[in-house]
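Peer 1: Pasting a predicted model and its sequence here:
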Amino acid sequence: MSYTPTIIIPTKDRPRELKRCLDRLLPQLPMDGSCGVVVSEDGAAPRPALPDSVTWMRGPGKGPGANRNFAARCSPPGWLIFVDDDCLPEPGFLAAYLDGIARVSAGPPVVFVGKTVPGEGPHDSLLWESPCYGGSEPAPPSCNFAIPRALMEETGGFDERFRFAFEDMEYFARLRHSGVGFPFLSGAVVGHPMRRIPSAAKLAARWQPRVLSTHDLGASGPEILRLLPRHVAAVIVSRFRGPKAQSGRLAAALRFFAEYFLFLVQLPLWVLDAKKKPGSAFWERVVAEGKSPPRFGL
(Lines give C-alpha, C1' and ligand atoms only; values in the text may rest on other atoms or scores of the structure.)
Protein backbone atom coordinates (compact mmCIF):
# COMPACT_ATOMS: atom_id res chain seq x y z
CA MET A 1 0.00 0.00 0.00
CA SER A 2 1.25 3.47 -0.80
CA TYR A 3 1.67 5.62 2.30
CA THR A 4 1.57 8.93 0.39
CA PRO A 5 -1.04 11.04 2.23
CA THR A 6 -3.49 13.58 0.89
CA ILE A 7 -5.31 16.00 3.18
CA ILE A 8 -8.96 16.50 2.22
CA ILE A 9 -10.91 19.55 3.39
CA PRO A 10 -14.63 19.39 2.51
CA THR A 11 -16.15 22.86 2.67
CA LYS A 12 -19.36 24.70 1.90
CA ASP A 13 -19.70 28.49 1.71
CA ARG A 14 -17.25 29.18 4.53
CA PRO A 15 -14.31 30.97 2.88
CA ARG A 16 -13.20 32.71 6.08
CA GLU A 17 -13.13 29.48 8.08
CA LEU A 18 -11.39 27.67 5.22
CA LYS A 19 -8.64 30.29 5.12
CA ARG A 20 -8.05 29.99 8.87
CA CYS A 21 -7.84 26.22 8.57
CA LEU A 22 -5.35 26.40 5.70
CA ASP A 23 -3.28 29.03 7.51
CA ARG A 24 -2.83 26.53 10.35
CA LEU A 25 -2.35 23.52 8.11
CA LEU A 26 -0.10 24.58 5.22
CA PRO A 27 2.96 25.40 7.37
CA GLN A 28 2.86 21.78 8.59
CA LEU A 29 3.24 20.27 5.09
CA PRO A 30 6.54 18.50 4.34
CA MET A 31 8.96 20.61 2.33
CA ASP A 32 9.44 17.81 -0.22
CA GLY A 33 5.86 18.16 -1.51
CA SER A 34 4.99 14.57 -0.59
CA CYS A 35 1.69 15.58 1.02
CA GLY A 36 -0.95 17.43 -0.99
CA VAL A 37 -4.19 19.16 -0.02
CA VAL A 38 -7.56 18.81 -1.75
CA VAL A 39 -10.34 21.33 -1.08
CA SER A 40 -13.81 20.34 -2.28
CA GLU A 41 -16.27 23.27 -2.29
CA ASP A 42 -19.83 21.94 -2.06
CA GLY A 43 -21.51 25.34 -2.15
CA ALA A 44 -21.47 28.48 -4.25
CA ALA A 45 -18.37 30.15 -2.82
CA PRO A 46 -15.94 31.26 -5.56
CA ARG A 47 -12.55 29.70 -5.95
CA PRO A 48 -10.08 31.44 -3.60
CA ALA A 49 -6.45 32.21 -4.29
CA LEU A 50 -4.53 29.12 -3.20
CA PRO A 51 -0.92 27.94 -3.34
CA ASP A 52 0.17 25.23 -5.77
CA SER A 53 0.11 22.63 -2.99
CA VAL A 54 -3.70 22.93 -2.80
CA THR A 55 -6.05 21.43 -5.38
CA TRP A 56 -9.48 23.08 -5.46
CA MET A 57 -12.58 21.47 -6.98
CA ARG A 58 -16.33 21.98 -7.07
CA GLY A 59 -18.23 19.32 -5.12
CA PRO A 60 -21.41 17.53 -6.23
CA GLY A 61 -23.75 19.57 -4.01
CA LYS A 62 -25.38 16.50 -2.48
CA GLY A 63 -24.40 16.82 1.17
CA PRO A 64 -21.26 16.34 3.28
CA GLY A 65 -21.01 12.58 2.79
CA ALA A 66 -21.20 12.85 -0.98
CA ASN A 67 -18.69 15.68 -0.93
CA ARG A 68 -16.18 13.59 1.03
CA ASN A 69 -16.69 10.64 -1.31
CA PHE A 70 -16.17 12.86 -4.34
CA ALA A 71 -12.95 14.35 -2.98
CA ALA A 72 -11.67 10.88 -2.11
CA ARG A 73 -12.29 9.62 -5.64
CA CYS A 74 -10.42 12.63 -7.05
CA SER A 75 -7.40 12.12 -4.79
CA PRO A 76 -4.32 10.02 -5.60
CA PRO A 77 -3.93 6.53 -4.09
CA GLY A 78 -2.69 6.34 -0.54
CA TRP A 79 -3.92 7.65 2.78
CA LEU A 80 -6.60 10.32 3.04
CA ILE A 81 -6.55 12.65 6.03
CA PHE A 82 -9.90 14.40 6.50
CA VAL A 83 -10.24 17.69 8.37
CA ASP A 84 -13.28 19.98 8.29
CA ASP A 85 -13.06 23.54 7.01
CA ASP A 86 -13.93 25.13 10.35
CA CYS A 87 -11.36 23.14 12.34
CA LEU A 88 -8.04 24.63 13.44
CA PRO A 89 -5.24 22.03 13.37
CA GLU A 90 -2.85 22.40 16.31
CA PRO A 91 0.95 22.25 15.83
CA GLY A 92 1.99 18.63 15.38
CA PHE A 93 -1.37 17.63 13.88
CA LEU A 94 0.03 16.42 10.57
CA ALA A 95 3.21 15.01 12.12
CA ALA A 96 1.09 12.77 14.36
CA TYR A 97 -0.78 11.37 11.37
CA LEU A 98 2.37 10.88 9.31
CA ASP A 99 4.00 9.02 12.20
CA GLY A 100 0.95 6.80 12.68
CA ILE A 101 0.71 6.04 8.97
CA ALA A 102 4.44 5.21 8.77
CA ARG A 103 4.03 2.64 11.55
CA VAL A 104 1.18 0.75 9.88
CA SER A 105 2.12 -2.84 9.15
CA ALA A 106 0.34 -5.80 7.62
CA GLY A 107 -2.74 -6.82 9.52
CA PRO A 108 -6.38 -5.82 9.96
CA PRO A 109 -7.27 -2.48 8.35
CA VAL A 110 -7.27 0.61 10.55
CA VAL A 111 -8.69 4.12 10.49
CA PHE A 112 -6.77 6.67 12.54
CA VAL A 113 -8.79 9.16 14.58
CA GLY A 114 -7.39 12.39 16.01
CA LYS A 115 -8.39 14.43 19.03
CA THR A 116 -11.13 17.06 18.60
CA VAL A 117 -11.49 19.69 21.31
CA PRO A 118 -13.95 22.59 21.69
CA GLY A 119 -12.47 25.78 20.29
CA GLU A 120 -13.52 29.40 20.37
CA GLY A 121 -16.84 30.34 21.92
CA PRO A 122 -18.75 29.81 25.21
CA HIS A 123 -18.02 26.40 26.72
CA ASP A 124 -20.50 26.62 29.59
CA SER A 125 -23.81 27.08 27.79
CA LEU A 126 -26.31 24.57 26.50
CA LEU A 127 -27.09 27.04 23.72
CA TRP A 128 -23.69 26.39 22.14
CA GLU A 129 -22.31 23.11 20.80
CA SER A 130 -19.17 21.58 19.35
CA PRO A 131 -18.16 18.00 18.56
CA CYS A 132 -15.40 16.58 20.70
CA TYR A 133 -13.46 13.34 20.76
CA GLY A 134 -10.82 12.19 23.20
CA GLY A 135 -10.42 8.55 22.27
CA SER A 136 -12.95 6.99 24.63
CA GLU A 137 -16.20 8.25 23.13
CA PRO A 138 -18.26 5.62 21.26
CA ALA A 139 -18.25 7.37 17.87
CA PRO A 140 -15.71 9.84 16.50
CA PRO A 141 -16.75 12.84 14.44
CA SER A 142 -15.72 12.93 10.79
CA CYS A 143 -13.86 16.23 11.12
CA ASN A 144 -10.53 14.60 12.04
CA PHE A 145 -9.63 11.11 10.79
CA ALA A 146 -7.45 9.26 8.27
CA ILE A 147 -8.34 6.28 6.10
CA PRO A 148 -6.65 4.47 3.20
CA ARG A 149 -8.36 5.39 -0.04
CA ALA A 150 -8.48 1.70 -1.00
CA LEU A 151 -10.38 0.89 2.21
CA MET A 152 -12.81 3.73 1.59
CA GLU A 153 -13.48 2.41 -1.91
CA GLU A 154 -13.85 -1.16 -0.67
CA THR A 155 -16.37 -0.19 2.02
CA GLY A 156 -18.38 2.17 -0.16
CA GLY A 157 -17.54 5.39 1.66
CA PHE A 158 -20.20 7.55 3.25
CA ASP A 159 -23.82 6.62 2.59
CA GLU A 160 -25.09 9.47 0.42
CA ARG A 161 -28.70 8.94 1.46
CA PHE A 162 -27.77 10.83 4.64
CA ARG A 163 -27.77 14.36 3.24
CA PHE A 164 -27.32 16.55 6.33
CA ALA A 165 -26.62 14.46 9.45
CA PHE A 166 -25.56 11.06 10.83
CA GLU A 167 -23.51 10.09 7.76
CA ASP A 168 -20.32 9.83 9.83
CA MET A 169 -21.81 7.73 12.64
CA GLU A 170 -23.37 5.35 10.11
CA TYR A 171 -20.11 4.94 8.16
CA PHE A 172 -17.96 4.38 11.23
CA ALA A 173 -20.51 1.85 12.52
CA ARG A 174 -20.17 -0.05 9.24
CA LEU A 175 -16.38 0.03 9.49
CA ARG A 176 -16.37 -1.24 13.09
CA HIS A 177 -18.85 -3.98 12.17
CA SER A 178 -16.43 -5.02 9.40
CA GLY A 179 -13.54 -5.43 11.87
CA VAL A 180 -11.74 -2.16 11.15
CA GLY A 181 -9.71 -0.82 14.08
CA PHE A 182 -9.72 2.83 15.18
CA PRO A 183 -6.35 3.72 16.74
CA PHE A 184 -6.43 7.07 18.53
CA LEU A 185 -3.72 9.65 17.83
CA SER A 186 -3.64 12.03 20.79
CA GLY A 187 -1.19 14.33 19.00
CA ALA A 188 -3.44 14.92 15.98
CA VAL A 189 -5.45 17.70 17.61
CA VAL A 190 -7.93 20.10 16.02
CA GLY A 191 -9.97 22.77 17.72
CA HIS A 192 -13.61 22.92 16.62
CA PRO A 193 -15.28 26.31 17.24
CA MET A 194 -18.35 26.43 19.42
CA ARG A 195 -21.48 27.24 17.42
CA ARG A 196 -24.95 28.32 18.51
CA ILE A 197 -27.37 25.45 18.47
CA PRO A 198 -29.83 25.73 15.57
CA SER A 199 -33.55 26.29 15.76
CA ALA A 200 -35.86 23.67 17.23
CA ALA A 201 -36.98 22.72 13.72
CA LYS A 202 -33.40 22.07 12.59
CA LEU A 203 -32.62 20.17 15.77
CA ALA A 204 -35.65 17.96 15.16
CA ALA A 205 -34.65 17.41 11.53
CA ARG A 206 -31.37 15.89 12.69
CA TRP A 207 -33.35 12.85 13.87
CA GLN A 208 -34.73 11.99 10.44
CA PRO A 209 -31.55 10.17 9.34
CA ARG A 210 -31.74 8.12 12.53
CA VAL A 211 -35.14 6.84 11.41
CA LEU A 212 -33.56 5.68 8.15
CA SER A 213 -30.65 4.06 9.99
CA THR A 214 -32.91 2.26 12.45
CA HIS A 215 -34.98 0.99 9.55
CA ASP A 216 -31.77 -0.27 7.89
CA LEU A 217 -31.00 -2.24 11.05
CA GLY A 218 -34.24 -4.18 10.70
CA ALA A 219 -36.68 -2.22 12.86
CA SER A 220 -40.29 -2.26 11.74
CA GLY A 221 -42.43 0.85 11.65
CA PRO A 222 -44.14 0.10 14.98
CA GLU A 223 -40.77 -0.67 16.60
CA ILE A 224 -39.35 2.67 15.43
CA LEU A 225 -42.44 4.49 16.72
CA ARG A 226 -42.04 2.77 20.08
CA LEU A 227 -38.27 2.85 20.62
CA LEU A 228 -36.99 5.99 18.93
CA PRO A 229 -39.01 8.50 21.03
CA ARG A 230 -37.53 6.95 24.18
CA HIS A 231 -34.04 7.20 22.72
CA VAL A 232 -34.47 10.83 21.68
CA ALA A 233 -35.89 11.76 25.08
CA ALA A 234 -32.93 10.12 26.81
CA VAL A 235 -30.46 11.99 24.60
CA ILE A 236 -32.16 15.32 25.29
CA VAL A 237 -32.16 14.70 29.05
CA SER A 238 -28.47 13.77 28.93
CA ARG A 239 -27.63 17.24 27.57
CA PHE A 240 -28.41 18.71 30.99
CA ARG A 241 -25.64 16.77 32.71
CA GLY A 242 -22.30 18.39 33.43
CA PRO A 243 -21.06 21.97 33.76
CA LYS A 244 -22.70 23.22 30.56
CA ALA A 245 -26.06 22.78 32.25
CA GLN A 246 -25.31 25.79 34.44
CA SER A 247 -25.83 28.36 31.69
CA GLY A 248 -28.84 28.97 29.46
CA ARG A 249 -30.88 26.21 31.09
CA LEU A 250 -34.34 27.71 30.62
CA ALA A 251 -33.83 28.88 27.02
CA ALA A 252 -32.28 25.54 26.13
CA ALA A 253 -35.05 23.59 27.85
CA LEU A 254 -37.69 25.44 25.84
CA ARG A 255 -35.85 24.81 22.59
CA PHE A 256 -35.27 21.14 23.35
CA PHE A 257 -38.93 20.70 24.31
CA ALA A 258 -39.93 22.20 20.96
CA GLU A 259 -37.38 19.95 19.25
CA TYR A 260 -38.96 16.87 20.83
CA PHE A 261 -42.49 17.99 19.98
CA LEU A 262 -41.57 18.61 16.31
CA PHE A 263 -39.76 15.27 16.21
CA LEU A 264 -42.89 13.44 17.43
CA VAL A 265 -45.08 15.25 14.90
CA GLN A 266 -42.87 14.34 11.97
CA LEU A 267 -41.84 10.85 13.06
CA PRO A 268 -44.74 8.94 11.38
CA LEU A 269 -44.03 10.66 8.06
CA TRP A 270 -40.32 9.86 8.37
CA VAL A 271 -41.13 6.21 9.01
CA LEU A 272 -43.27 6.04 5.87
CA ASP A 273 -40.54 7.77 3.86
CA ALA A 274 -37.87 5.35 5.13
CA LYS A 275 -39.93 2.40 3.90
CA LYS A 276 -40.01 3.87 0.40
CA LYS A 277 -36.26 4.42 0.11
CA PRO A 278 -33.81 1.69 -0.95
CA GLY A 279 -32.06 0.19 2.04
CA SER A 280 -28.38 -0.30 2.75
CA ALA A 281 -27.04 -3.48 1.17
CA PHE A 282 -24.49 -3.77 3.98
CA TRP A 283 -27.02 -3.63 6.79
CA GLU A 284 -29.47 -5.84 4.91
CA ARG A 285 -26.77 -8.51 4.88
CA VAL A 286 -26.05 -7.97 8.59
CA VAL A 287 -29.75 -8.30 9.45
CA ALA A 288 -30.09 -11.43 7.28
CA GLU A 289 -27.19 -12.97 9.20
CA GLY A 290 -28.86 -12.17 12.52
CA LYS A 291 -26.09 -9.79 13.57
CA SER A 292 -28.04 -6.57 13.90
CA PRO A 293 -27.04 -4.49 16.96
CA PRO A 294 -29.28 -4.87 20.03
CA ARG A 295 -32.34 -2.61 20.00
CA PHE A 296 -31.37 -1.59 16.47
CA GLY A 297 -28.53 0.55 17.77
CA LEU A 298 -30.78 2.69 19.99
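Peer 2: It's in.

Peer 1: what about the residue nearest to residue 62 when sequence neighbours are not counted, how many residues close to it?
Peer 2: Leaving out its chain neighbours, the residue that sits closest to residue 62 by CB to CB, 6 or more residues apart in numbering is residue 160, at 6.1 Å. The way it works is simple: take the backbone N, C-alpha and C, and place the C-beta from them, glycine included. Residues contacting residue 160 under the criterion other CB atoms under 10 Å number 18.

Peer 1: and residue 160, what pLDDT?
Peer 2: Residue 160 is assigned 95 on the pLDDT scale.

Peer 1: Need the three-state assignment for it.
Peer 2: Here residue 160 is coil, with the state taken from DSSP: H, G, I helix; E, B strand; the rest coil.

Peer 1: list the contacts for it?
Peer 2: For residue 160, the contact set (CB atoms under 8 Å, 6 or more residues apart in numbering) comprises 62, 63, 65, 66, 69, 167.

Peer 1: The fourth one and residue 47: what is the separation?
Peer 2: The span separating residue 66 from residue 47 equals 20 Å under the rule CB to CB, to the nearest Å.

Peer 1: what's the answer for the second one, then?
Peer 2: Between residue 63 and residue 47 the distance is 21 Å, computed by CB to CB.

Peer 1: try the third one
Peer 2: With distances defined as CB to CB, the gap from residue 65 to residue 47 amounts to 23 Å.

Peer 1: Between those two, point out the one with more neighbours.
Peer 2: The residue with more neighbours, out of residue 65 and residue 47, is residue 65; 24 against 11, by other CB under 10 Å.

Peer 1: What ranges does this protein have for its strands?
Peer 2: In the chain, the segments counted as strands under DSSP state E are 5-11, 36-41, 54-58, 79-83, 88-89, 112-118, 128-129, 144-148, 184-192, 195-196.

Peer 1: Tell me which of those sits nearest to residue 178.
Peer 2: Judged by CB to CB, the one of the strands of the chain that comes nearest to residue 178 is strand 144-148, at 12.4 Å.

Peer 1: Return the list of strands paired to that closest one, each annotated with direction.
Peer 2: Its sheet considered, strand 144-148 pairs with strand 79-83 (antiparallel), strand 112-118 (antiparallel) by DSSP bridges.

Peer 1: Next, format those strands as CSV and append mean pLDDT.
Peer 2: As requested, those are exported to CSV (pLDDT from 0 to 100):
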stretch, mean pLDDT
strand 79-83, 98
strand 112-118, 96
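
Peer 1: out of those strands, which comes closest to residue 272?
Peer 2: So among the strands paired with strand 144-148, strand 79-83 is nearest, using CB to CB, at 34.0 Å.

Peer 1: between that closest one and strand 5-11, how big is the angle?
Peer 2: Between strand 79-83 and strand 5-11, the angle comes out at 30 degrees (axes from the mean of the first three to the mean of the last three CA atoms, to 10 degrees).

Peer 1: Determine which stretch of the strands paired with strand 144-148 is the most buried.
Peer 2: Stretch with highest mean neighbour count among the strands paired with strand 144-148: strand 79-83 (a mean of 25; mean count of other CB atoms under 10 Å).

Peer 1: who's in contact with residue 86?
Peer 2: Applying CB under 8 Å, 6+ apart, we find residue 86 in contact with 14, 17, 21, 192, 193.

Peer 1: Find the nearest non-adjacent residue to the fourth one, please.
Peer 2: Which is residue 192. Computed as CB to CB, 6+ apart, the closest residue to residue 192 that is not its neighbour in sequence is residue 130, at 4.8 Å.

Peer 1: wait, that neighbour sits on residue 194?
Peer 2: Yes: counting by CB atoms under 8 Å, residue 130 does reach residue 194; the two are 4.7 Å apart.

Peer 1: I'd like to know which of the strands of the chain is closest to residue 229.
Peer 2: Nearest to residue 229, of all the strands of the chain, is strand 128-129, at 21.9 Å by CB to CB.

Peer 1: just checking, what packs against that closest one?
Peer 2: Other elements packing on strand 128-129 under the criterion 3 or more CB pairs under 8 Å, 6 or more residues apart in numbering; DSSP states H and E are strand 195-196.

Peer 1: any idea of the mean pLDDT in the strand it packs on?
Peer 2: Average pLDDT, strand 195-196: 94.

Peer 1: for it, packing partners?
Peer 2: strand 128-129.

Peer 1: Give me the distance from the strand it packs on to the chain's centre.
Peer 2: Put simply, strand 128-129 sits 16 Å off its chain's centre (CA atoms, centre = their mean, to the nearest Å).
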